[in-house]
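Enquirer: Below: sequence and its predicted model.
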Amino acid sequence: MLTPEAAIEHLIALHAKAFSNLQKALEQFLATRVPPDKAARKAFCYPELIITYAPEATIPRLSRAFAKFQRAGVYSTTVTHPKEFAPYLLEQLTLLVHDYGATLVVRESQHAIPYPYVLEGGDELAVGDVPPAELARHFPTPLLSEVGDEIVDGLWHHEHGKARPLALFDAVRTDYSLKRLVHYTGTDWRSVQPWILFTNYHRYVDEFAAWAIEQLKADTPYTTFVAAGGVTIKRGAVPDNALELIAAAPWRKHQMPGYHLQSTDGAGITLINIGVGPSNAKTITDHLAVLRPHCWLMIGHCGGVRHDQRIGDYVLAHAYLRRDKILDDLVPPEIPLPALAEVQMALQEAAAMVTGERGAVLKSRLRTGTVVTYDDRNWELRWSSERLRFNRSRAIAVDMESGTIAAQGYRMRVPYGTLLCVSDKPLHGEIKMPGAANSFYERAIGEHLKIGINTLEILKKDLSQLHSRKLRSFDEPPFR
């Protein structure tokens, strides 16, 4: 019987073999124009992980949210890049084998690796002077019919005699997103860390880069900083002009540039500037979710709705009025998004630590309430039709990303939270203007970013509580 460690080693070996077979076949085709035969194509397949749970007693009742069987049976998934996903796989398999006595099988699947997924850089559709249409005749290609979120969205149907899904994402869905992450963030997907901050202003990037460089110079567990545009800075080799190198890199080529501070314990922090709007927020979280991060937080700007709010005050979202519309078919607005107590408490504690304020003093600057998320930046021009909705929802702030980030966290089973900073008060005549905006940014961004970072440091201390059962349904795949 395979141990979790042995199963992962077998997955790594099978994936490496299939990956290499496909690469070599591509190279041979480019050199000779001789396509792989049917037998060779069978050697391009992902490995498959199969788990059987045949209980001899009652299914154990466990309080954790993941690595749980809802019923007896056979579960399976295809796996990509098992070497990079080994820590995640080991955690899931160890718990399932230890607590349920599950048995493991690893074998070659029937699902071929699409050829673009074994290419690094360059034109991944055309190789050399061979057009994509010709490559598609002889090599497996990405098919939209095989890339979907049916498992995530509960749309899969179990067929008698077939295995149930073991994970939310199979290999081809994962590979699809890994490539998209490189495209959008301008960094290798392997650089993305499990603790993620989203922002909607580049000034936060400058602040994060400065903080990251300080960590590399100090006695911390952080070892490497990877920035969009091809910049990598390591501990012990930090150049004097590090910040200038980061700023001068061609990060503008990428729609949502990513910045990653890596650590020795695999618990580093990623910051991604998603820009403005719910479309970007959904796009990047669709792809980040396959990495199974521990948490993502939105630390952007918002418009304050209440008269007693001041520019620079904070808003801790405990509910969302979702007017972004982008997820209405997948997570209908009538489905509530629960506030996660562990995240909310960490955000509040981090705010107290960074500001030095507690009790009534902190409450005067940190409001908790409903955030309205719009898909229209100029929602103010529809105020006469929107005012009633604001009143009924008791909203205290408005933005364009938070509700989407939270809904995607709920949908993808990734813990989420929001701490916004009031940058204007459009309902009270304090509209964001260039001069006032610059003054606000200089004063507020450093403190706001530190609160986000400290929140993640607090959450790192108790992962078992963070991965809430609130995010899991009654018919979940076993893997987190």
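Expert: Yes, it's here.
Enquirer: from here on, contacts and neighbour counts on C-alpha atoms
Expert: Fine.
Enquirer: Surely residue 450 is in contact with residue 355?
Expert: No. Using CA atoms under 8 Å, residue 450 is not in contact with residue 355; the gap is 9.6 Å.
Enquirer: How is this protein partitioned into domains?
Expert: The chain is divided into the following domains under automatic domain parsing: 4-169, 182-471.
Enquirer: Among those, which comes closest to residue 479?
Expert: Nearest to residue 479 among those is domain 4-169 (5.0 Å), distances taken as CA to CA.
Enquirer: Would you mind checking the average pLDDT for the closest one?
Expert: Domain 4-169 shows a mean pLDDT of 93.
Enquirer: End to end on it, go ahead and measure it.
Expert: One end of domain 4-169 to the other measures 19 Å (CA to CA, to the nearest Å).
Enquirer: repeat for stretch 184-192
Expert: 12 Å.
Enquirer: now do stretch 57-77
Expert: Start-to-end span of stretch 57-77 (CA to CA) is 26 Å.
Enquirer: Residues contacting it, please?
Expert: Stretch 57-77 has contacts (CA atoms under 8 Å, 6 or more residues apart in numbering) with 48-55, 92-93, 95-96, 99-100, 162-167, 170-171, 464-465, 467-469, 472, 474-480.
Enquirer: Stretch 291-308: which residues count as buried?
Expert: 291-306 (16 or more other CA atoms under 10 Å).
Enquirer: what's the answer for stretch 150-160, then?
Expert: Going by neighbour count (16+ other CA under 10 Å), the buried part of stretch 150-160 is 151-152.
Enquirer: So what touches that stretch?
Expert: With contacts defined as CA under 8 Å, 6+ apart, stretch 150-160 is touched by 164-165, 168-169, 330, 411-412.
Enquirer: Helix, strand, or coil at residue 82?
Expert: coil (DSSP: H, G, I helix; E, B strand; the rest coil).
Enquirer: Then residue 302?
Expert: Applying three-state DSSP: residue 302 is strand.
Enquirer: give the contact list for it.
Expert: 397-399, 420-424.
Enquirer: just the strands in the stretch 301-450 of the chain please.
Expert: 301-304, 314-323, 366-374, 395-399, 416-424 (DSSP state E, counting those that start in this stretch).
Enquirer: now those strands as TSV including mean pLDDT?
Expert: Listed next are these as TSV, based on pLDDT from 0 to 100:
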stretch	mean pLDDT
strand 301-304	93
strand 314-323	97
strand 366-374	96
strand 395-399	96
strand 416-424	94
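Enquirer: nearest to residue 36, of these?
Expert: strand 416-424 (46.1 Å).
Enquirer: neighbour count winner among residue 450 and residue 355?
Expert: Remark: of residue 450 and residue 355, residue 450 carries more neighbours, 19 against 14, as counted by other CA atoms under 10 Å.
Enquirer: List the buried residues for stretch 464-471?
Expert: Buried residues in stretch 464-471, defined by neighbour count with 16+ other CA under 10 Å: 466-468, 471.
Enquirer: Report how many residues lie close to residue 33.
Expert: Counted with other CA under 10 Å, residue 33 comes out at 11.
Enquirer: Spatially central residue in this structure, please.
Expert: residue 288 (3.1 Å; CA atoms, centre = their mean).
Enquirer: and the gap between it and residue 117?
Expert: Per CA to CA, residue 288 is found 17 Å from residue 117.
Enquirer: same for the strand or helix carrying residue 106, what does it pack against?
Expert: Secondary structure assignment for residue 106, by DSSP states H and E: strand 103-112. The contact analysis (3 or more CA pairs under 8 Å, 6 or more residues apart in numbering; DSSP states H and E) places strand 103-112 against helix 4-32, strand 45-53.
Enquirer: rewinding a little: and the contacts of stretch 150-160, which of them are buried?
Expert: 164-165, 168-169, 411-412.
Enquirer: Sitting in helices, which of these do you find?
Expert: Among these, the residues falling in helices (DSSP state H) are 411-412.
Enquirer: Looking at the buried ones among the contacts of stretch 150-160, which is nearest residue 23?
Expert: Taking CA to CA as the measure, residue 169 is the one of these closest to residue 23, at 24.0 Å.
Enquirer: Who are the contact partners of the closest one?
Expert: 149, 151-152, 290.
Enquirer: So which of these belong to helices?
Expert: Going by DSSP H, the helices hold none of those.
Enquirer: how about CSV for those residues, with distance to residue 34 added?
Expert: As requested, those are exported to CSV (distance: CA to CA, whole Å):
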residue, distance to residue 34
149, 36
151, 39
152, 40
290, 36
